[in-house]
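Undergrad: for reference, the sequence and a predicted model appear below.
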Amino acid sequence: ERTSERKYGVEAIDNFTLKISLVKPDKDFPALVAHPIFRPIYGDGKEFETGKLNANIVTSGAFRVFSVGQDGITLDRAENYWNTESVEIERVRFVPTENAEKALEAYRAGEVDAVTNADFEPLALKLLTPYEDFQRTPHAALNFYEFNLKKPPFDDRRVREALAIAIERERLTEDEMGGASQPAFSFLPFSNEKTKLVQDANRAKNLLAETGFAKGENFPTIKLLVNRNNVQQRIARSVAKMWKQNLNIETEIIVKDSTEITSAWASDDYALVRRGAVIPTTNESANMSAIFLPEDEVIPDATIDKSIEKGEVLQSGNSNTAVTVVASEQSKIEGDANQMPSENSNTKTAADGGTISTEAQAIVELHAIPLYFPTSYSLVKPYIQGFDINVLDAPSLKNVKIDNSWQPKKAKSES
């Protein structure tokens, strides 16, 4: 127990006080622990060991769990919430559906009021895009290729930049993923223009020439390690084709399962490896830590390879009394539950030896090539107000209300 306390620096002083000791001061710490992922748990947490939710769980938000069953989860407005007077919705229901198509049918039939995180087919996305109640939001996750900095010439920053800016990301997201993702010219989906890569094949050629590989001559074949699923293999083939066309560089795509990837990682038998990272917050340094992990961390790619496995659907009556949220089972975008190992001794650090804590540093160092951000989708009826989708895919229900005076717009031919 003493060892555990020293390791984690967390201690429950009493029923109302949690003491957390930091290695060093962090002005952003209060904002980090305010993130929904951090929740107080009374006792030893054994009630969470089964992974099943029950209505007796203690909550501190605007809603409490009223019931849990096969037909979904019902939330009621929490009477003890500090600002309960401002919460207009009295009830929220999360109802499971078989798939995105079933959720869409329920939405079109007026059975539900909002759908989020459904894995719509490319054709459905094209048909839904023109409608005002359809929203597309980049999800807080990143897919990228990480360099093995031990392998020359990838220890040269100019080589890394040449490879990064020679990739035509729009072609990847549109041609290979059917518009189900957004091109990543940076490491964070909420970046500003100053921290973004600029696609430039001519500059890439010049950078390569500066390093002694003019027109790609004598450049070693790139060993690109990817996990065993169809989408990632298609993306890898497309990237390899771009490197060949723009830089005259050959690529060997190595496809392995999770165990084989771990062995290849440990033996440094690769030049680049495909990875994914969930971006847990809007805090920049925390996000950089999630992307450029320290030693001995493990990255569950399964959480990246699908754009969230829940969906939210709101169903209302004629007033602000009942809102039902339906969770649609989402199929995997990329479909493989592989796990990636950590960087081990190849841990990413800045040129000065410090850790990469800002996106500006990550762009300067370019230890990895950002490829794309997964995209989440939502359909929200126009009479639902305050249901705002955000990049963290964590919409707050406390400000949601139903406009009972809303009427559909009349056609121009009607008077």
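TA: Great, that's in hand.
Undergrad: may I see the buried residues of the helix or strand harbouring residue 243?
TA: Secondary structure from DSSP states H and E places residue 243 in helix 230-247. Residues of helix 230-247 classed as buried: 231-233, 235-236, 238-240, 242-243, 246-247 (neighbour count, 16 or more other C-beta atoms under 10 Å). Using the backbone N, CA and C atoms, a C-beta is placed for each residue, glycine as well.
Undergrad: again with stretch 215-232
TA: Of all the residues in stretch 215-232, those buried under the rule 16+ other C-beta under 10 Å are 216, 219, 222-227, 229, 231-232.
Undergrad: endpoints of that stretch, how far apart?
TA: By C-alpha to C-alpha, to the nearest Å, the extent of stretch 215-232 from end to end equals 27 Å.
Undergrad: check the offset of it from the chain's centre.
TA: The chain centroid and the centroid of stretch 215-232 are separated by 24 Å, computed with C-alpha atoms, centre = their mean, to the nearest Å.
Undergrad: do me a favour and average the pLDDT over that stretch.
TA: In this model, stretch 215-232 has a mean pLDDT of 92.
Undergrad: tell me which of the buried residues of helix 230-247 is nearest to residue 133?
TA: Residue 133 lies nearest to residue 231 out of these, by C-beta to C-beta, at 28.1 Å.
Undergrad: need the helices for the stretch 251-400 of the chain, in chain order.
TA: For the stretch 251-400 of the chain, helices defined by DSSP state H, counting those that start in this stretch occupy the ranges 258-266, 284-291, 359-365.
Undergrad: same for the longest one, what does it pack against?
TA: With contacts defined as 3 or more C-beta pairs under 8 Å, 6 or more residues apart in numbering; DSSP states H and E, the secondary structure elements packing on helix 258-266 are strand 222-227, strand 272-278, strand 339-340.
Undergrad: okay, the angle between the second one and helix 230-247?
TA: Pointing back at strand 272-278 there. With axes from the mean of the first three to the mean of the last three C-alpha atoms, to 10 degrees defining the directions, strand 272-278 sits at 130 degrees from helix 230-247.
Undergrad: next, the buried residues of strand 272-278.
TA: Buried residues in strand 272-278, counted by 16+ other C-beta under 10 Å: 272-278.
Undergrad: widest-spaced pair of these?
TA: By the measure C-beta to C-beta, 272 and 278 form the most distant pair in those, at 20.5 Å.
Undergrad: please report the number of neighbouring residues for residue 283.
TA: 17 (other C-beta atoms under 10 Å).
Undergrad: can you check residue 151 too?
TA: Neighbours of residue 151 (other C-beta under 10 Å): 17.
Undergrad: where does it fall, helix, sheet strand or coil?
TA: Classification of residue 151 by DSSP: H, G, I helix; E, B strand; the rest coil places it in coil.
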